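Visitor: Using only what follows, build the 3D model:
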Amino acid sequence: MEYTPVSSFRRPITAVQLKRAAQADGPLADAVSKWDALRKLTIARKHFGLSDRNLTVLQALLSFHPETELGRDNPPAIVFPSNKAICERLNGMPCSTMRRHVASLVDAGVILRRDSPNGKRYARRGAGTKIAFGFDLTPLATRFHEISDIAHRLTVLEARRTRLRDTVSLMRRDLAGFVDFGISMMPDLPQWDQISDLARLTARELRRSLSIQELTTIKARLQAALNEVTACLDAPQSNELSTSDAEIEHHHQNSNIEYMDKNETEISVVEGPIAAEKPDHQPPPLSLVLEVCKEIQTFSQSSVRHWDDLVRLSDTVSPMMGVTTSVWKEAQYTMGKAQAATALAAMLQRFAEIQSPSAYIKSLSQKASQGAFTCGAMIRALQAKSL
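Guide: You can find the predicted model right below:
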C-alpha cells in the first residue's frame, strides 16, 4: 500500500490514536506467535484496562488471520471480516456489544483500524499487490516485549500476593488457636475478647481479593497480636508446676510433709528445715467441711470419712466444674491437697455465683503462694450464710 492512513472513517484524530499509530509503524520484532502474544496480554490485561470479554473479541479477530505468527517476514497482519462474521465467531454476540469491545481494544493500542475510503473492510489486488482494509494486528508484534515484561512483573507480584495471603491465613489460624488455649488457661484476662475479634475480622477480610499493601497491614496487626498472646501464655507457663516427676525434669521437694491420718479429722504437719505452715493456714476440721459443703458429697458413691476420700473426690469433681488439670495441680501444690480440696468443695457449694471456676481457683492459688489465703475463711463464710 502506497499510503498508510492514520485517521479512521468518520472518527476524529486523537492524541492517543497518533501515539498508537506511531508504535505500530515502528520496527517489527522477529516472528511472534499470535497465541503467545494473546496469553501474555491475558496476564497483563488489567494494566491495559482490558476485560476478559475484550480479549475474547481479540481472540476471534486473531482467528481470521491465516498465519500463526506475526512479524517481519510474514504478510501484513490485517484482517477484514464483516461484523456478521465476527459476531458468528463470537457465538452470537450482539453487534453493538462487539463494536464496543473492538473500540476498547483500539483504545488500549493492541489493534489499529485501517479503514478504507468508504469505511468498509475488504482486500483487493492491484498490479500484483494486495491491499487490505480492516483491523491491523501489528501492535501485538511491535509491543510484544512491552507486554511480556508487564506480564512477567504482574506474575511475580501475584505470586508474592499469594504467598502473603497464605501467611496471613496461617497467622490468623494460629491466633485463633492461641486465643482458645489462652481462654482455657487464663479466662480472666481482658485481652482475649479484642484478639478474638481481630481473628474473626481477619477471616472476613480474607474473603475479598486483597492487595499486597492491605495484606501487609493485616500481617503486621496479626504479628503484634501473636507477640502479645505469646507473652501472656509464657508467663504463667513458666511458673506452672506438676506433682509428677515424669512430667518435669526437676523434682520439687516440699519441706512441709503432709500426712493423712484416717483416724484424725485434721492434718498433722511435720516441721522441716524451713518454717512450717502457720496454724491459720491449716484446713478446718473435716467434720465442719462436710457439714457445710454437702454438695460435693453427692458425687461420691460412698460416704466421705477421711481427708484422702475428699482429696480423691475433688480430683474427680474438678474437671466437671471446668477446672483445667494444670490449674488444679498448681492449686494442690501451692495450697496443699487438703486445702485445695476444701476450697473446691466450698466453690461447688456456691457454684452458680462463680463465672469461671478455673480462673477463680487460680487466683486463690496466687493468694496462697503469697500467704494471703486460708480456706478456713471460706468455710466460716458458708457456715454463717447457712445459719
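Visitor: the strands in the stretch 1-150 of the chain, which residues?
Guide: Secondary structure of the stretch 1-150 of the chain, counting by DSSP state E, counting those that start in this stretch: strands at 32-33, 69-70, 78-79, 112-114, 122-126, 129-136.
Visitor: ok, of those, where does mean pLDDT dip lowest?
Guide: Sorting those by mean pLDDT places strand 122-126 lowest, at a mean of 73.
Visitor: Which of the strands of the stretch 1-150 of the chain sits closest to Asp309?
Guide: Closest to Asp309 of the strands of the stretch 1-150 of the chain, according to Cβ to Cβ: strand 32-33, at 87.1 Å. (Glycine included, C-beta is placed from N, CA and C.)
Visitor: so how far is that closest one from its chain's centroid?
Guide: How far strand 32-33 lies from its chain's middle: 42 Å, per Cα atoms, centre = their mean, to the nearest Å.
Visitor: Same question for stretch 137-147.
Guide: How far stretch 137-147 lies from its chain's middle: 40 Å, per Cα atoms, centre = their mean.
Visitor: Can you tell me how far Ile43 is from Glu158?
Guide: 9 Å (Cβ to Cβ, to the nearest Å).
Visitor: what's the answer for Asn54, then?
Guide: 20 Å.
Visitor: So for the two, which residue has more residues nearby?
Guide: Neighbour totals were compared for Asn54 and Glu158, and Asn54 leads with 22 against 12 (other Cβ atoms under 10 Å).
Visitor: Kindly provide the distance from the more buried one to Ile111.
Guide: 10 Å.
Visitor: next one: Arg121
Guide: From Arg121 to Ile111 the distance is 13 Å (Cβ to Cβ).
Visitor: do Met93 as well
Guide: Met93 sits 17 Å away from Ile111, going by Cβ to Cβ.
Visitor: For the stretch 201-350 of the chain, which segments count as strands?
Guide: 257-259, 268-270.
Visitor: which stretch in those is the model least sure about?
Guide: When I compare the strands of the stretch 201-350 of the chain, strand 268-270 is least confident, with a mean of 34.
Visitor: residues in contact with the closest residue to Thr216 other than its chain neighbours?
Guide: Residue nearest to Thr216 in three dimensions, not counting chain neighbours: Leu164, with 6.9 Å by Cβ to Cβ, 6 or more residues apart in numbering. By Cβ atoms under 8 Å, 6 or more residues apart in numbering, the contact list for Leu164 reads Ile212, Leu215, Thr216, Lys219.
Visitor: Most neighbours among those, which one is it?
Guide: Most neighbours among the contacts of Leu164, by other Cβ under 10 Å: Leu215, with 22 neighbours.
Visitor: right, and it touches Arg165 too?
Guide: Yes - counting by Cβ atoms under 8 Å, Leu215 touches Arg165, with 5.8 Å between them.
Visitor: in the stretch 101-250 of the chain, which spans are helices?
Guide: Counting by DSSP state H, counting those that start in this stretch, the stretch 101-250 of the chain has helices at residues 138-142, 144-185, 191-205, 212-239.
Visitor: Looking at those, which one is packed in the most?
Guide: Compared across those, helix 138-142 shows the largest average neighbour count, a mean of 23 (mean count of other Cβ atoms under 10 Å).
Visitor: Does anything pack onto that one? Which helices or strands?
Guide: helix 15-24, helix 34-43, strand 69-70 (3 or more Cβ pairs under 8 Å, 6 or more residues apart in numbering; DSSP states H and E).
Visitor: Any regions of this structure where pLDDT drops low?
Guide: The model of the chain has pLDDT under 70 over residues 1-29, 72-75, 126-129, 235-282, 387.
Visitor: Find the residue at the geometric middle of it.
Guide: The C-alpha lying nearest the average C-alpha coordinate of the chain belongs to Ser169 (Cα atoms, centre = their mean; 2.6 Å).
Visitor: who are the neighbours in contact with that one?
Guide: Applying Cβ under 8 Å, 6+ apart, the residues near Ser169 are Leu206.
Visitor: From Ala203, how far out is it?
Guide: 9 Å.
Visitor: swap in Glu214?
Guide: 15 Å.
Visitor: now swap in Arg89 and tell me
Guide: 45 Å.
Visitor: who are the neighbours in contact with the closest residue to Leu344 other than its chain neighbours?
Guide: Closest residue to Leu344 apart from its sequence neighbours, by Cβ to Cβ, 6+ apart: Ser314 at 4.7 Å. Contacts for Ser314 (Cβ under 8 Å, 6+ apart) come out as Ile296, Ala340, Ala341, Leu344, Ala345.
Visitor: I am finished for the moment; much appreciated.
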